[in-house]
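[1] Mind looking at a prediction? Sequence and model below.
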Amino acid sequence: MTATPQTENRQPQAHVDLATEILRLKREMNAVILAHFYQEPAIQDVADFVGDSLQLSQKAAAASADAIVFCGVLFMAETAKILNPGKLVLLPDLAAGCSLADGCPADEFRTFRARYPDHVAITYINCSAEVKALSDIICTSSNAEKIIRQIPPEQPILFAPDQHLGRFLIRNTGREMRLWPGSCMVHEQFSERKLLELKEQHPQARVLAHPECREAVLRHADYIGSTTGILTTARESSAAEFIVATESGILHQMEKACPEKKFIAAPTEGGCQWGEGGACSECPHMKLNSMEKLYRSMRDRTPEITLDEDLRQRALRPIQRMLEMS
Ligand code: 13P
Ligand code: SF4
């Protein structure tokens, strides 16, 4: 992949091979590149590590490099900064948000918590640093069940911000929880009706789904879990065909790991309300990052994640509890 990088204060350069330049800058900066499974394939291929939210926060916590270049969305890069206040943390596009984080403003979450003062607040990592700071324990889709099972049975629980993951956890653990009514704009789009049609066309296919999907979709899944869980299941399963109900970026690693197997992105209902460019099963936030923006962010060392130190310390506690309980 090539590009002609140019910014206002620099002369245009000759075409550069972005992957080669990114790797050169990485060595020069002593950086580590962490990427989520929903990033475009070229970014996944240039990263040092590709993983789910929990693995990425564990990698960030253990990072020895001077800089962390985070190819994911803002809440992930913020988590890396919370864990590494002394390191440069870059996010190629600072506008890469998340509908779950955006749908849970800190002031409204504070009011929600205040209504249930005796509840422990377990909050999905897909939230802002401010909401993390107001929470007791952070979780991801891969450790939420394990964490909830460690909470004493008499202790009431608040769970935010994903209602579908929350309901899935209530069903699996038998624990009643008060839920914040948030959802993921991508996982909510999968269509039960079209999924059933697809299953009829591919009767041998196994359905792998992320717990952010609606219950109507989850009830048809053979496996429900985090992106890493979905990848591992595909690798270990004896099935030859899979319908995948999560962001379609994961298909890249699935196809790399199992070239002999067939992976079909689960269908979404109707038109795509967030633009015509991409598929509805693509996260428009995750896809804001590109090889070009990754290259520029490393070259210019911006946009950098910065956090107020008091906020960082308050947000760190529930993340540390998560890491201890995982
Ligand atoms: P995972 O932690 O399963 O990778 O999920 C991240 C995410 O944003 C799901 O939409
Ligand atoms: Fe947020 Fe959904 Fe995108 Fe994940 S896929 S980052 S939950 S909007």
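    Great, that's in hand. Ligands and ions are numbered 1, 2, ... in the order given.

[2] Please say whether there is contact between stretch 86-93 and ligand 2.
    No. Residues of stretch 86-93 contacting ligand 2 under Cβ under 6 Å from any ligand atom: none, with a closest distance of 12.6 Å. In this view, the C-beta of every residue, glycine as well, is placed from N, C-alpha and C.

[3] Got the phi and psi for the most centrally placed residue in the chain?
    Within the chain, one residue has its C-alpha closest to the average C-alpha position: by Cα atoms, centre = their mean, that is S53, at 5.2 Å. Main-chain torsions, S53, degrees, to the nearest 10: phi -60, psi -40.

[4] and the helix or strand hosting I319, what's its mean pLDDT?
    Counting by DSSP states H and E, the secondary-structure element that holds I319 is helix 309-325. What helix 309-325 shows for mean pLDDT is 98.

[5] List the buried residues in stretch 140-147.
    Applying a neighbour-count criterion of 16 or more other Cβ atoms under 10 Å, one finds 140-145, 147 buried in stretch 140-147.

[6] Please see if it touches ligand 2.
    No. Shown here: stretch 140-147 not in contact with ligand 2 (Cβ under 6 Å from any ligand atom), separated by at least 9.5 Å.

[7] Use 41 as the first number from now on
    Understood, numbering begins at 41; the last thing we discussed is stretch 180-187.

[8] about what we covered before: ligand 2 versus the residue nearest to the centre of the chain, what's the distance?
    Between S93 and ligand 2 the computed distance is 9 Å (Cβ to the nearest ligand atom, to the nearest Å).

[9] so who does that residue touch?
    The contact partners of S93, by Cβ atoms under 8 Å, 6 or more residues apart in numbering, come to 76, 116, 165-166, 180-182, 266.

[10] would you list those in JSON lines and tack on distance to ligand 1 and pLDDT?
    As requested, the contacts of S93 are exported to JSON lines (distance: Cβ to the nearest ligand atom, whole Å; pLDDT from 0 to 100):
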{"residue": "H76", "distance to ligand 1": "6", "pLDDT": "98"}
{"residue": "M116", "distance to ligand 1": "8", "pLDDT": "98"}
{"residue": "I165", "distance to ligand 1": "7", "pLDDT": "98"}
{"residue": "N166", "distance to ligand 1": "6", "pLDDT": "98"}
{"residue": "T180", "distance to ligand 1": "5", "pLDDT": "98"}
{"residue": "S181", "distance to ligand 1": "4", "pLDDT": "97"}
{"residue": "S182", "distance to ligand 1": "6", "pLDDT": "96"}
{"residue": "S266", "distance to ligand 1": "3", "pLDDT": "98"}
